[in-house]
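**Q** output the structure for:
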Amino acid sequence: MTFSLAGLVRAALLALGLAAAPLHAQPVAFSFDDGPTLASTPRLSPQARNEAMLAALAKHKLKAALFVTAGNGADRPEGLALAQAWSRAGHLIGNHTMTHPSLNNAKVSLAQYQQELLDCDRVIAALPGYRKWFRFTYLREGNTPEKRDGMRAFLREHGYRNGYVTLDTSDWRLNDKLIEVLDRKPDATDAELAPIRQAYLDHVKQRALAYRDLARRLQGRDIPQVLLLHHNLINALWLDDVIAQFKEMDWSLVTPDEAFADPVYQLAPSRDVPGQSLLLSMARSLGLGTADIGPRLMDDGDAEIELLKKKGY
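**A** Coordinates of the predicted model:
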C-alpha cells in the first residue's frame, strides 16, 4: 500500500493539531532482537541474562516476541535452550536472520539475504510460539529499490509478515556504555550504576512520547506501538523498571499479536529505501524532514550519552 494525495493532506492537517483526542490508554507491545546471545558480559552469564529478562516479563504478566538471530547462539544446543525457555514461557518467536548482515550493504546480495532468513528458520521453526514474522536487520530494507521490492515479494510469496517496529530505541548504545563502565569497574555498586539506569529509562520514555506524538500526527490516533529492545545486559538488569515505567505512564501492555492486528502494520511506505521505524518511513514518504519529525528520533541516544559523559561515565 502506498500513500495517496488524500493521505498527504490528512497528515498535513494532523500536523496542525486537528487530530482527534485519544480516548483510550496508549497500547505498547514488547519485542526483543538479536537473541538469545551466548556472548559473555560482565555481571551475568548468558543463562542468567535470559532468566532475568524472562522473570521481568513474567512479573508483569507480559507476553513478548523474541526475534532470533540464530548465529548468536540458537544454532548451538546451549543457545537453543535459551530460546526454548522463551517458547515455554508463552512468548512468540520471530526471524532476524542467521548472522545479522545489513541488506543496505552493497556486498550483501538479495539472494544472500534471503538465504539468511531461510537458514534461521531451519533453527527456529519447530519452536512453540514460532510465527512467520521477519524483522529486517538494522530495520533496513535494502540500499536499492530492487532489493526492497525483491524482499517484499519474497516475504509475500513465503507467507511472512514484516515484523515492523514503530517505537525504536537505542538501548544497544546505553548497553555498550554499561558494559564499558563494568569492564573498568566490575564491582560497581547499584548506586554507581544508577545514573546509567536513569539515563536508560529517560531515553525509553523520550522515545515513547515522541513516537506516540508522531503516530497521532500521521494517523490521528494512538496506534498500538511495537517497542524494539534487545536481548542484552541492560535489559537483564533493568527490564522490570522499563515495564514499570510504561505502567506509570498509564500505557497498556498488549501482545505482539494484538499490536500487529492493527491495520497500520499493513502499510508499505513508498520512499525509495525505507528503513528504521515504520513511523519514520511513513513520515518520510509524506515528505516530512528531520525538522518536522524531530532530531531526537534520528540520533542513537546521543543526548543521554553526552549527559553521562558530563557525569564522568
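**Q** contacting residues around Lys205?
**A** Lys205 makes contact with Gln245, Met249, according to Cβ atoms under 8 Å, 6 or more residues apart in numbering. To be clear about C-beta, it is placed using only N, CA and C from the backbone, and glycine gets the same treatment.
**Q** tell me the SS of it?
**A** At Lys205 the chain is in helix, as set by DSSP: H, G, I helix; E, B strand; the rest coil.
**Q** how much space separates Asp176 from Lys205?
**A** 20 Å (Cβ to Cβ, to the nearest Å).
**Q** moving C-terminal of the one helix or strand Leu227 maps to, what's the next helix or strand?
**A** Assigning secondary structure by DSSP states H and E places Leu227 in strand 225-230. Following strand 225-230 in sequence order, the next helix or strand is helix 233-248 (DSSP H and E).
**Q** just to be sure, Arg131 is in a helix?
**A** No: counting by three-state DSSP, Arg131 is not part of a helix but strand.
**Q** how near is it to His91?
**A** From Arg131 to His91 the distance is 11 Å (Cβ to Cβ).
**Q** same check on Arg207?
**A** Going from Arg207 to His91 by Cβ to Cβ gives 22 Å.
**Q** neighbour count for those two, which is higher?
**A** Neighbour comparison, Arg207 and His91: the larger count goes to His91, with 26 against 22 (by other Cβ atoms under 10 Å).
**Q** quick one, phi psi at the more buried one?
**A** phi -90, psi 160 (degrees, to the nearest 10).
**Q** cool, the one 4 residues further on as well?
**A** In this entry, Asn95 is assigned phi and psi values of phi -100, psi 130 (degrees, to the nearest 10).
**Q** quick one: the helices in the stretch 151-300 of the chain?
**A** Assigned by DSSP state H, counting those that start in this stretch, the stretch 151-300 of the chain shows helices spanning 171-184, 190-219, 233-248, 256-260, 278-285, 290-293.
**Q** for Tyr130, name its beta-bridge partners.
**A** Ile93 (DSSP bridges).
**Q** could I get the average pLDDT for the longest strand seen in the chain?
**A** In the chain, assigned by DSSP state E, the strand with the most residues is strand 27-35. The average pLDDT within strand 27-35 is 98.
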